[in-house]
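Asks: Fold the following and give me the result.
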Amino acid sequence: MKIDKMATVPLYAQVEAVLENRISSGVWEEGYQIPTETELALKLEVSNITVKRAIMNLVDKGMLVRQRGKGTFVTGRHIEKNIHKSEFIKMDEQVSSMHDLLASRVRVTNPNIAKKLGREADAEFVYLERLGYEDEKKVSIEYTFIPQNLWPGDEFSINKDAFIYDVLKMDCGITLKRSKNYFSGAVANEKEVKLLGVRPNTPLFVWERITYADTGEAVEYSKFVMKQDKEKYYMEIELV
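Replies: The predicted structure is shown next:
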């Protein structure tokens, strides 16, 4: 570890590069507890504030995670995932289960969701709540609302692993046109700690989606609360 104090590159950026190199090269493996800020500051001959800023940048990148009272740990290699495709492309049919069904109800009212979909406050919805898995690991909690008037019948009867867009197209007979997507962050609450197996106040990634039919009508609202310890989400858009 060596820092050039005469270089034009800020000290925190140099420290960040040094630490990131130790992670990417495998010197610090997944789960490794890195030295304390004080120890790193002494080794690199910089201030604790400089080290702290470098570490926080790597936490923001998802390469490190801080655990209160325990220390800072390497999270491991991240996988880039196209969030736009994750809900639309069918996974390998050999996968036996992709979801646990947490709740399903018909004729649910929710004024907030009704407003998002441009409907009356007392509009009724079919409601679906699921726990999503990838590689047999819990990764997301999914909340979906579909207007009741679009639903075929008064009972809930779909495969718990069904893709929502398949349900809208095949079960509801809707031609889908476009979706509007919102991205934000949150920290894990008591329910998310229990279901996702994360620590309280763990940062989570939140994706909200409103889908529209070819008629212009809003036909679905879904909210995905996702763990972000192993993936870096992106959306690729064709500009032609």
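Asks: going on from the least confident helix or strand in the chain by mean pLDDT, what's the next piece of helix or strand?
Replies: Confidence across the helices and strands of the chain bottoms out at helix 83-86, with a mean of 54, counting by mean pLDDT, DSSP states H and E. Using DSSP states H and E, the helix or strand that directly follows helix 83-86 along the chain is strand 99-109.
Asks: Packing partners of the helix or strand following that following strand?
Replies: Following strand 99-109 in sequence order, the next helix or strand is helix 111-116 (DSSP H and E). For helix 111-116, the contact count by 3 or more Cβ pairs under 8 Å, 6 or more residues apart in numbering; DSSP states H and E identifies strand 218-227 as packing neighbours. Every C-beta, even on glycine, is put in place using the N, C-alpha and C of the backbone.
Asks: switch to 7 Å and redo it
Replies: Contacts of helix 111-116 with other secondary structure elements, assessed using 3 or more Cβ pairs under 7 Å, 6 or more residues apart in numbering; DSSP states H and E, are absent: no helix or strand is involved.
Asks: Mind listing what's buried along it?
Replies: Using 16 or more other Cβ atoms under 10 Å as the burial criterion, the residues of helix 111-116 that qualify are 113-114, 116.
Asks: What are the contacting residues of stretch 169-176?
Replies: Under the criterion Cβ atoms under 7 Å, 6 or more residues apart in numbering, residues 150-152, 158, 165, 168, 211, 213-214, 219 lie in contact with stretch 169-176.
Asks: Any chance you could list what contacts stretch 28-47?
Replies: Residues external to stretch 28-47 that are found in contact with it (Cβ under 7 Å, 6+ apart): 1, 3, 11, 15, 22, 48, 51-52, 55, 71-76.
Asks: ok, which pair from those residues is furthest apart?
Replies: Between any two of these, the greatest separation by Cβ to Cβ is 26.7 Å, found for 11 and 76.
Asks: So for those two, which residue has more residues nearby?
Replies: Counted by other Cβ atoms under 10 Å, residue 11 and residue 76 do not tie: residue 11 has more neighbours, with 20 against 16.
Asks: For the more buried one, which non-adjacent residue is spatially closest?
Replies: With Cβ to Cβ, 6 or more residues apart in numbering as the criterion, residue 11 has its nearest non-adjacent residue at 4.9 Å, and that residue is residue 50.
Asks: Hmm, that neighbour is touching residue 10, no?
Replies: No: taking Cβ atoms under 7 Å as the contact criterion, residue 50 and residue 10 are not neighbours in contact, 8.5 Å apart.
Asks: of these two, who's got more company?
Replies: Looking at residue 50 and residue 10 with other Cβ under 10 Å, you find the greater number of neighbours at residue 50, namely 21 against 12.
Asks: separation between the more buried one and residue 57?
Replies: For residue 50, the distance to residue 57 equals 11 Å [Cβ to Cβ, to the nearest Å].
Asks: before we move on, what about residue 132?
Replies: The value you get for residue 132 to residue 57, if Cβ to Cβ is used, is 30 Å.
Asks: Where does residue 42 fall, secondary structure wise?
Replies: When secondary structure is defined using DSSP H and E, the element that contains residue 42 is helix 37-44.
Asks: Which helix or strand lies directly C-terminal to that helix?
Replies: Per DSSP H and E, the first helix or strand lying C-terminal to helix 37-44 is helix 48-60.
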